[in-house]
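[1] using only what follows, build the 3D model:
(chains A, B, C and D)
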There are 4 protein chains.
Amino acid sequence: MLSKDFNDECAVFGIWGDPEASHMTYLGLYALQHRGQESSGIVTLQNHEHTERKGRGLVGDVFSEDDLNDLKGAAAIGHCRYSTTGKALLSNIHPLTARLLSGPLALAHNGNLVNNLSLRQFLKKKGAIFQGSSDTENILHLLAQDPDTNLASCLKRAFLKIQGAYSLVILSHEQLIVARDPHGIRPLVLGKRHWGKNGEFSWVVASETCAFDLIGAEYEREVLPGEMIVIDEKGLKSEIFVDELPEKKQCVFEHVYFSRPDSKVFGLSVYESRKLMGAALAQECPAEADLVIPVPDSGIPSSLGYSKASGIPFELGIIRNHYIGRTFIQPTQSIRSFGVKIKLNPQKEVLGGKRLVVVDDSLVRGTTSKKIIALLRQAGAKEVHFRVACPPTTGPCYYGVDTPVKEDLIASQKTHDEICKYIGADSLGYLSEKALLNAVKPAGTFCAACFNGEYIAFSEMA
Amino acid sequence: MLSKDFNDECAVFGIWGDPEASHMTYLGLYALQHRGQESSGIVTLQNHEHTERKGRGLVGDVFSEDDLNDLKGAAAIGHCRYSTTGKALLSNIHPLTARLLSGPLALAHNGNLVNNLSLRQFLKKKGAIFQGSSDTENILHLLAQDPDTNLASCLKRAFLKIQGAYSLVILSHEQLIVARDPHGIRPLVLGKRHWGKNGEFSWVVASETCAFDLIGAEYEREVLPGEMIVIDEKGLKSEIFVDELPEKKQCVFEHVYFSRPDSKVFGLSVYESRKLMGAALAQECPAEADLVIPVPDSGIPSSLGYSKASGIPFELGIIRNHYIGRTFIQPTQSIRSFGVKIKLNPQKEVLGGKRLVVVDDSLVRGTTSKKIIALLRQAGAKEVHFRVACPPTTGPCYYGVDTPVKEDLIASQKTHDEICKYIGADSLGYLSEKALLNAVKPAGTFCAACFNGEYIAFSEMA
Amino acid sequence: MLSKDFNDECAVFGIWGDPEASHMTYLGLYALQHRGQESSGIVTLQNHEHTERKGRGLVGDVFSEDDLNDLKGAAAIGHCRYSTTGKALLSNIHPLTARLLSGPLALAHNGNLVNNLSLRQFLKKKGAIFQGSSDTENILHLLAQDPDTNLASCLKRAFLKIQGAYSLVILSHEQLIVARDPHGIRPLVLGKRHWGKNGEFSWVVASETCAFDLIGAEYEREVLPGEMIVIDEKGLKSEIFVDELPEKKQCVFEHVYFSRPDSKVFGLSVYESRKLMGAALAQECPAEADLVIPVPDSGIPSSLGYSKASGIPFELGIIRNHYIGRTFIQPTQSIRSFGVKIKLNPQKEVLGGKRLVVVDDSLVRGTTSKKIIALLRQAGAKEVHFRVACPPTTGPCYYGVDTPVKEDLIASQKTHDEICKYIGADSLGYLSEKALLNAVKPAGTFCAACFNGEYIAFSEMA
Amino acid sequence: MLSKDFNDECAVFGIWGDPEASHMTYLGLYALQHRGQESSGIVTLQNHEHTERKGRGLVGDVFSEDDLNDLKGAAAIGHCRYSTTGKALLSNIHPLTARLLSGPLALAHNGNLVNNLSLRQFLKKKGAIFQGSSDTENILHLLAQDPDTNLASCLKRAFLKIQGAYSLVILSHEQLIVARDPHGIRPLVLGKRHWGKNGEFSWVVASETCAFDLIGAEYEREVLPGEMIVIDEKGLKSEIFVDELPEKKQCVFEHVYFSRPDSKVFGLSVYESRKLMGAALAQECPAEADLVIPVPDSGIPSSLGYSKASGIPFELGIIRNHYIGRTFIQPTQSIRSFGVKIKLNPQKEVLGGKRLVVVDDSLVRGTTSKKIIALLRQAGAKEVHFRVACPPTTGPCYYGVDTPVKEDLIASQKTHDEICKYIGADSLGYLSEKALLNAVKPAGTFCAACFNGEYIAFSEMA
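    Residues are numbered from 1 along each chain as shown, chains lettered A, B, ... in the order given. Coordinates of the predicted model:
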């Protein structure tokens, strides 16, 4: 699947006690920006005061060297975000900030609150002025309206009022606080960066471990579902903020598509789980073919799994052009399958006269797959057997993944045969839900609502 | 090899008789910009007059939609360029242009003239004012100082005076002229784009066939060494402009590294030749290992060839981060191997405890390979056997490839064992020159001066 | 006085019922930007919804033609602002906006609230989150926390809580509301723009009448101290929102320096009042001299008055260079009086050997005057008699004028003779407070606290 | 006259032997940019090599502090230019540069060559490649094609071939050369900047003395008509480069409109000559009136002269808004006289019921005057007697002033009465040619071709 169909909302990062906090946050966001390329922000803490820099665009474009040097202090949080609206409002760019009575507060959020509208109405009636449309702003107002000056206590009370997915990184005038919703929907990991010669280290948190790899930090563990960690001068304190933990509902789509293959997510290598999905796919949906071809880049690990399990040779039959800017200008007269062609070019010499198994990580709208298959046929492919390394996507996500509406999900509108015909494949095969969950099993239980419609039943709001 | 070490000078494109000439040129350059990302330019022809747009940066950044619409006319040429100087002078950005007595002229050049300095001195003595430092400007002055008004005749006379590598695309007030030097050093291909319902088509030329694929053009043939093709209202006319053709000296490095794998270069699929190089490498330099790992992306085809020939399983053990902007800010305190890490991340889960064959397309300075091997060891690799899919690079290129100076070429400074030790590998193996030339043999004879020091003996200047 | 010393906070503009509301607001702000050149914003109303555009810089740079076309609707308000901090925070740029329960609200403010800090503390305790540091934001929160849905009623309650100077222009989802504080400190005028062939007109409000002149609107009258005007579909309704009106405290500095000379302010021509000040100055502080020379441009009207009353000929002895960008680069080695010289150039031919009366509108820090006098002497002036068309500035303004702190006001630190010596004049004369107030007397009573220290005694907060 | 009607081509500046050469050139151009605001360039000399920076826009926008620091060396030349084409070609921005056999050369030119086209054709036939459309480029090619290595000798030969107006400033790899055409059409002055404690000074040249004032340089004398001055390590050498000097043909329009009033041009104060013109105008064209009103800013000096000579009081009845950016957006529906109104605002309070003498420096197209008079009548003027401080403009300038074509010059198309009626004045009066020339008489003889049609008869080309 090319990146146009699904979009995760964001990535979060936090660091405490580091002589290069702003630079590390910048690099952490750099490593995480496959999760959001539309805007980015960093807030640092020094002498109880915050400094912030935010902007639209890729991390490398938002921050200058001067910015990073201006972002003084040994603690920082950062965020990058994919905005679903055409033009990201500046006021929606995270970290969100506010000056509370107790001091400045900054907050970065990955996930989505399902009771956003009712909370917003409730808070507006109490006089809250909302700056943007972000669901996260509710959390700020819940904190602002709580007269208690102990931030951790206020947060715990706020967590009783919000429902949905949240991996939060919060910077106050004296603490770094991170928390993960009780179902553990979005990932969040904790690590240490050893920077000093005498064992000094900083605490780091990030959406994925690939951020740790880049800055040379060491992976400690996941932040647990329902866990709040408070880091300050006195050290790190952890507590589970709910009385009773519900079942884990980790997002299986992180393993299917979103996370980087070189990350460990929910304690499991994404590359390895994708290879397992590909191998299972080969068993569930075999094909008589000469070559296994991935849709690059995200389909490569599952293709390798498929190839190995089936014994059919793997070839990089479609070359991806990485010198693509953020935009390009369409010709006025149409070129067939142009939008896909600018990124992907099938190789005639490799594919000509061959029967292909084409493996993609997922199939959402179907329009891209249709174009890819057309290109493969133009390049001389004799047969195209399309294999999808997850089940049919039948429902949208309400927990932080920007899936299309149900009407645009081809699997909710057409039968298996209709889809196969629509995309122009000789055969079509999906991985079963059971096999998918089996591939990620070592990580525990998962939310697969986009595949099976079993949305999470949240407890009532306090 | 990561793209920092070698840099090809440029790509050229031309089109004649197309209702969307400027848009097609833009897209052609888009597909070709792996050959040069520092500047780009397009010149179009309408009513015997030219329009031009040029600028620094990626193709997608240089041209706006308004630019393309302003670039009116059914004929166009374009160029993108990698500049070896820090800041490309605007006056060096191609196409170079001049107003001759006969009218406007624009010229785009891939390659390098070896008699640049003597020509320049000769022309200055005749009163020529040079605007920039480009060797190509000599050609313009040779044309300007020729009193003949027949451009093709002037060009033939000029070709007797210039020596070196040149794939040229020229737009006058009434013709599109393309030419390739007698040794055929740089590639140049000819195609047709069928755009009309009644068989109408435009002629297109480009450095590589991947440009044809994107715009839906059909590959006709290579422009031949020593061939000049004149395209105008009356059609296409070809001639060989030298009395006697020397031996072909096609650049073997195009197949080793520069060209896109999905291009056909010198009539041969680059992907296939690279796989052959990998397979031959497996035979010449076998290794006891658990996995074959490519240095992505350029090392993937030869790795696949190595894996297949050796039977050792292929794994994408290093993940490349493609969300890298043009620049990123270094942390002030050093992170080990940081410069490589921002692009490449080895996967602990895949590599831990394994004996690896790591395949790269070439080994130039050695500094990047050293860092990659260090990262692989940090990720837990037990052994690293480094394999290079070409011979040791011992000399610079004078024909349009921006190789480092001899002193920076590790193979010209150190012995095989010293290099192996320097990069920290358990063993090191290179492809032999013979095997390399064997892999590209179907395409004819090649220049491999950067490997064997046999530079081309150009005939005396007329 | 050159514009570096004093800075008025802002200008406001509003229009209701105009087919070109955004363009008229743009032009109104254009005419008013002597009051603030650091940032600018426009909000329009269509179908009960707002559109806004804001940015840093001059009006002509902030808004593009596309912006004005996107700003749809027949009602609009606008603001331009001088920020006292180096870099204006985007969140401080007016109009300030909020979504209240009743709908969107936008607010533009000229003036300054003196109880900003206590209000802010009071509102934060009630849970308000402040986005910026603007005193105006308090008004938004007072409205947001009022459960009443009648905006005019909420406003009247808010006016009881705020103290200080305010000329306000407010756009709700259905009304344009304007108000002026009970002392009438800052100016605000009401007019009509006749745009239709059948007598259709729009209501306009602006800080000064020069905005009306540019858009071809007709001056109706001042908005009165303590008056709130509500304009909506049903027409215009006015009321005085305080039970008892205090004495008028109109800002005399508007006439001395801030307002454009071609404006009518507080019902009085600024040009005429300045000429009167100059004439009175000639009587109070005569001098034996050959020429009267203004410090251009603001000193011209009072110089003309001085010249006429004294009979000493007027000459434009100092030429002002208007081709000055926002910034220029200083030479590293100092040039004497450079900062003034870049703007002002005395003419040797005119001044050489002459005894000069130099008239400026005010004397604040003294540094600029000192440099001007030095330049005049270098140009050959024989004597320099410096005359200031207002009294010594001894105190800062708390009502919307950005005066330096007391320590930087030369008249609060030095005696008359010390100042004369410091600036290097042969004699120094100020206009008396009595003569100043006499010059503006037809407009009523004034605040002259910056001259006489008599700050306004605000009534207690409700 | 507002600045839209006439545009002088450019300003030149040069400096030799100054520790802050680039900064001084920048400031000199700053002071001179009333002569050209569309583009600007600086070239410096260090160790026989040049550094250059050029760009479109105001001086303050073209050069950054880094640019000035990069422009190393103790000698520099600069240029600013008004381009008559909408978008200045980068290749036309001065200083023009070339690398000759003898080394780098840079050239800045104020004026216009009348034999541009024939020279260009002649040079093209000899193989010259022209980069832009500037007439100045001919001089570079004449030098490049001259085999002599003595630049001064080459220049003298080139001066025999070029005809027209030229004030030239040239920087070679070892000399600063300045020259003025034999008729002395455009101004050029020589000065010294004393920068050292031991009497060290640099030589400076500039179009007008206002540049000297800003950088603290001392005026020495004019560069003479037909004089070439060579400044190098050995000092300053002057020679007259023609055998016989023709009559001086200094441009009278420099005094009428172009030059800054605070400059000394052709040895005469511009402010003083303009006052004399105004006084003469009062005698030649008296009027019964209550007030004398200038069209600001350029009409102020002549208005003062008129007022003094006539005894009618001077008032600044029209206020000019200087907060005008380079562009503003027009309202879609027309506002009467809008284009003038954005800059000029008549004051009702001053003008109402009054009989006015309105003085402008010149009257070219008549459209602006018509609008101004309409505005004055709207503001309540009872009578408007329009007075022009020069004769009727009946012909274009071919020597470096961008006058409209003859068809657009109202005085070449209409009678005196028709013009008076067209602009809507109660009476119209022009200064006579005799009186004009009398006002500038102390400076010698003048070209007044735009008023009297007596164009210069150039000698034949060698």
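[2] C-alpha from now on. contacts and neighbour counts both.
    OK.
[3] give me the contact list for whatever helix or strand A:Ala211 lives in.
    Using DSSP states H and E, A:Ala211 maps to helix A:210-215. Under the contact criterion Cα atoms under 8 Å, 6 or more residues apart in numbering or on different chains, helix A:210-215 has outside partners A:24, A:27-32, A:191, A:193, A:206, A:218-219, A:260, A:262-264, B:335, B:338, B:341-342, B:345.
[4] among those, which lie within helices?
    Per DSSP state H, helices hold the following members of those: A:24, A:27-32, B:338, B:341.
[5] and those residues, which are buried?
    With burial judged by 16 or more other Cα atoms under 10 Å in any protein chain shown, the buried subset of the ones in helices among the contacts of helix A:210-215 is A:24, A:27-32, B:338, B:341.
[6] under the pLDDT cut-off, which ranges of chain A? List them.
    Low-confidence regions of chain A, defined by pLDDT under 70, span residues A:1-8, A:83-90, A:324-328, A:332-336, A:460-462.
[7] and if we set it to 80?
    A:1-9, A:82-92, A:131-133, A:322-339, A:403, A:459-462 (pLDDT under 80).
[8] which parts of it sit against chain C?
    With the criterion set to Cα under 8 Å from any Cα of the partner chain, chain A comes near chain C through A:98-101, A:124-131, A:141, A:144-147.
[9] which among these end up buried?
    Using 16+ other Cα under 10 Å as the burial test, the residues of chain A next to chain C include A:98-101, A:124-131, A:141, A:144-146 as buried.
[10] wait, isn't A:Tyr271 in contact with A:Pro261?
    Yes - taking contacts as Cα atoms under 8 Å, A:Tyr271 lies within contact range of A:Pro261: 4.5 Å.
[11] need the three-state assignment for the residue of chain A found nearest chain D.
    Nearest to chain D, among the residues of chain A, is A:Asp66, at 15.7 Å (Cα to the nearest Cα). Here A:Asp66 takes the helix state, with states given by DSSP: H, G, I helix; E, B strand; the rest coil.
[12] any idea how far it is from A:His23?
    A:Asp66 is 11 Å from A:His23, where distance means Cα to Cα, to the nearest Å.
[13] which ones are touching the spatially closest residue to A:Ala144 that is not a sequence neighbour?
    Residue nearest to A:Ala144 in three dimensions, not counting chain neighbours: C:Gly127, with 4.7 Å by Cα to Cα, 6 or more residues apart in numbering or on different chains. Shown in contact with C:Gly127 (Cα under 8 Å, 6+ apart): A:128, A:141, A:144-147.
[14] with A:Ile15 instead?
    The contact partners of A:Ile15, taken as Cα under 8 Å, 6+ apart, are A:21, A:24-25, A:74-77, A:176, A:202-205.
[15] confirm that it sits in a helix.
    No - going by three-state DSSP, the assignment for A:Ile15 is strand, not a helix.
[16] what kind of secondary structure is the residue of chain A most remote from its centre in?
    Computed with Cα atoms, centre = their mean, the maximum C-alpha offset from the centroid of chain A is found at A:Gly353, amounting to 38.4 Å. Under the three-state scheme (three-state DSSP), A:Gly353 adopts coil.
[17] quick check: it touching A:Gly380?
    Yes - shown here, A:Gly353 and A:Gly380 form a contact pair, counting by Cα under 8 Å, at 5.6 Å.
[18] chain center to the longest strand seen in chain A: distance?
    Once chain A is assigned using DSSP state E, the strand that runs over the most residues is strand A:103-113. For strand A:103-113, the distance from its own C-alpha centre to the chain's C-alpha centre is 16 Å (Cα atoms, centre = their mean, to the nearest Å).
[19] next one: stretch A:144-159
    Chain-centre distance of stretch A:144-159: 28 Å, with Cα atoms, centre = their mean.
[20] how far does it stretch from one end to the other?
    The first and last residues of stretch A:144-159 sit 14 Å apart, counting by Cα to Cα.
[21] more neighbours: which of A:Asp66 and A:His23?
    More crowded of A:Asp66 and A:His23, by other Cα atoms under 10 Å in any protein chain shown: A:His23, with 25 against 8.
[22] okay, helices next: where are they in the stretch 201-350 of chain A?
    For the stretch 201-350 of chain A, applying DSSP state H, counting those that start in this stretch gives helices covering A:210-215, A:253, A:270-284, A:300-310, A:338-341, A:348-351.
[23] can I get stretch A:311-330 in PDB, CA atoms only?
    Listed next in PDB are the C-alpha coordinates belonging to stretch A:311-330 (Å, rounded to 0.1, in the frame of the first residue of the first chain):
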ATOM      1  CA  GLY A 311       9.800 -21.400  -2.600                       C
ATOM      2  CA  ILE A 312       8.900 -19.000  -5.400                       C
ATOM      3  CA  PRO A 313      11.800 -16.600  -6.100                       C
ATOM      4  CA  PHE A 314      11.700 -13.000  -4.800                       C
ATOM      5  CA  GLU A 315      12.400 -10.200  -7.300                       C
ATOM      6  CA  LEU A 316      12.300  -6.400  -6.900                       C
ATOM      7  CA  GLY A 317      10.100  -6.200  -9.900                       C
ATOM      8  CA  ILE A 318       8.800  -2.700  -9.200                       C
ATOM      9  CA  ILE A 319      11.300   0.100  -8.600                       C
ATOM     10  CA  ARG A 320      10.300   2.900  -6.300                       C
ATOM     11  CA  ASN A 321      11.500   6.400  -7.200                       C
ATOM     12  CA  HIS A 322      12.500   8.100  -3.900                       C
ATOM     13  CA  TYR A 323      13.400  11.500  -5.500                       C
ATOM     14  CA  ILE A 324       9.800  12.500  -5.100                       C
ATOM     15  CA  GLY A 325       9.200  15.900  -3.500                       C
ATOM     16  CA  ARG A 326       6.100  16.700  -1.500                       C
ATOM     17  CA  THR A 327       4.200  17.700  -4.700                       C
ATOM     18  CA  PHE A 328       4.500  17.400  -8.400                       C
ATOM     19  CA  ILE A 329       2.600  19.000 -11.200                       C
ATOM     20  CA  GLN A 330       0.200  16.800 -13.200                       C
END
